[in-house]
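In: build the 3D model from these lines:
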Amino acid sequence: MIPSRRIGLAVISAVVTAKTEASAFAFTALPHPTTFLSMPFRVAKTSYDEDGNPSNDSTQSYFDKEKIHPDSNRRNIIHKSLAAGGALLATPTSPASAKNSKSRTDEYEVRKSEAEWSESLSSQQYFILRQGGTEPPYSSILEAEERPGVYACAGCGTPLFDAKEKFHSGTGWPSFASPVMGTSNPSVPNVEMEDVSNIQYQLAGAEVRCRTCGGHLGDVFADGFLFVGTPAFVTGKRYCIDGGALVFVPSDQNATGREVEILRGDLPPRSGGSGRVFPG
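Out: The predicted model follows:
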């Protein structure tokens with residue numbers, strides 16, 4: 001499944017905003033990353049049938065049929081599209097070398113073995129966060145979510161995006177204008193951006209990861225100016241995030257005396273159901 005609309009946006013952005021100078025966006029270590037959920041949370045592996053009723057099958061059966069291979073992620077698809085149609089501007093990075101070479105484990109505060117990650121995450125969460133996979137567009141329950149709240153990393157619970165920065169980009173993936181900043185260092189966001197040249201960033205975007213655990217989240221693109229009337233028009237950026245990499249904690253709930261609702265983004269959009277899990 002090729003997200004053609006995404007390719008079109010990237011090409012338009014490249015024509016209008018690509019610059020000739022190259023600059024680096026360096027990874028910056030966060031000394032004490034903020035963990036959004038102080039308690040570990042258990043994930044109920046619940047999915048829903050076509051009528052919106054709870055199913056006994058786990059989310060794995062649904063997403064195994066719909067996964068996009070890690071090597072066919074958004075930026076690789078864009079690179080190949082540009083190469084096939086003739087590059088509008090020369091870039092110093094080829095499609096093969098566009099993959100982030102930094103380990104998803106080294107230098108991150110939360111570290112687990114692959115076996116531990118596989119055990120603690122659902123099949124879809126592991127595919128995205130640990131293998132760098134991309135979910136199909138419009139496959140996450142969070143794409144249409146509009147309530148106020150916070151979107152946190154499904155791997156470690158770090159708050160990543162405020163719902164105030166979310167907007168509907170029409171691409172099929174949850175989109176945000178800017179990430180949450182760290183509490184211990186307000187100048188450093190909880191979302192880490194791949195170190196790429198400015199030309200590559202303008203043409204094909206850059207990978208973004210959770211700064212606490214290194215989990216792959218999606219990509220950030222420089223085409224925010226296209227989305228007039230949204231927060232992205234102000235920041236100039238569009239964080240295109242896989243819903244399966246996130247959990248959503250609504251703010252319109254009173255946690256006193258009852259469990260806090262957490263909406264899992266690795267569940268498909270279904271009427272009559274939700275992907276609720278609870279701390280504990």
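
In: tell me the spacing between Ala154 and Lys164.
Out: Separation of Ala154 from Lys164 (CB to CB, to the nearest Å) stands at 20 Å. In short, each C-beta sits where N, CA and C put it, glycine included.

In: same thing with Thr230?
Out: Taking CB to CB, one finds Thr230 at 11 Å from Lys164.

In: give me the more crowded residue out of these two.
Out: Higher neighbour count among Thr230 and Lys164: Thr230, with 18 against 13, using other CB atoms under 10 Å.

In: I figured the more buried one was touching Ser178, is that so?
Out: No. Contact criterion CB atoms under 8 Å: Thr230 and Ser178 do not qualify, at 11.5 Å.

In: pretty sure Gln202 is in a helix, no?
Out: Yes. Assessed by DSSP: H, G, I helix; E, B strand; the rest coil, Gln202 belongs to a helix.

In: model confidence at it, what's the number?
Out: We have a pLDDT of 95 for Gln202.

In: that one - how many residues pack around it?
Out: With other CB under 10 Å as criterion, Gln202 counts 22.

In: next one: Pro269
Out: Around Pro269 there are 17 residues (other CB under 10 Å).

In: can you check Val150 too?
Out: Using other CB under 10 Å, Val150 is surrounded by 18 other residues.

In: residue ranges with poor pLDDT in the stretch 1-150 of the chain?
Out: 1-100 (pLDDT under 70).

In: if we use 50, what do you get?
Out: Across the stretch 1-150 of the chain, the ranges flagged by pLDDT under 50 are 1-8, 10-48, 53-66, 71, 82, 85-98.

In: the helices in the stretch 101-250 of the chain, which residues?
Out: Taking DSSP state H, counting those that start in this stretch as the test, the helices found in the stretch 101-250 of the chain are 114-120, 123-129, 198-204, 231-235.

In: which of these sits closest to Ser101?
Out: Proximity to Ser101 (CB to CB) singles out helix 198-204 among those, at 13.7 Å.

In: helices or strands next to the closest one in the packing?
Out: Using 3 or more CB pairs under 8 Å, 6 or more residues apart in numbering; DSSP states H and E, the elements in contact with helix 198-204 are helix 4-17, helix 74-85.

In: again, only this time at 10 Å
Out: Counting contacts by 3 or more CB pairs under 10 Å, 6 or more residues apart in numbering; DSSP states H and E, helix 198-204 is packed against helix 4-17, helix 74-85, strand 216-221.

In: what is the neighbour count of Ala115?
Out: 8.

In: I misspoke; the intended subject was Ala204.
Out: When neighbours are defined as other CB under 10 Å, Ala204 has 28 of them.

In: pretty sure it is touching Asn198, no?
Out: No. Applying CB atoms under 10 Å, one finds Ala204 not in contact with Asn198, separated by 11.7 Å.

In: mind putting the helices of the stretch 101-250 of the chain in a markdown table, distance to Arg264 included?
Out: Below are the helices of the stretch 101-250 of the chain laid out as a markdown table (distance: least, CB to CB, whole Å):
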| stretch | distance to Arg264 |
| --- | --- |
| helix 114-120 | 13 |
| helix 123-129 | 8 |
| helix 198-204 | 29 |
| helix 231-235 | 24 |
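
In: many thanks, have a good one.
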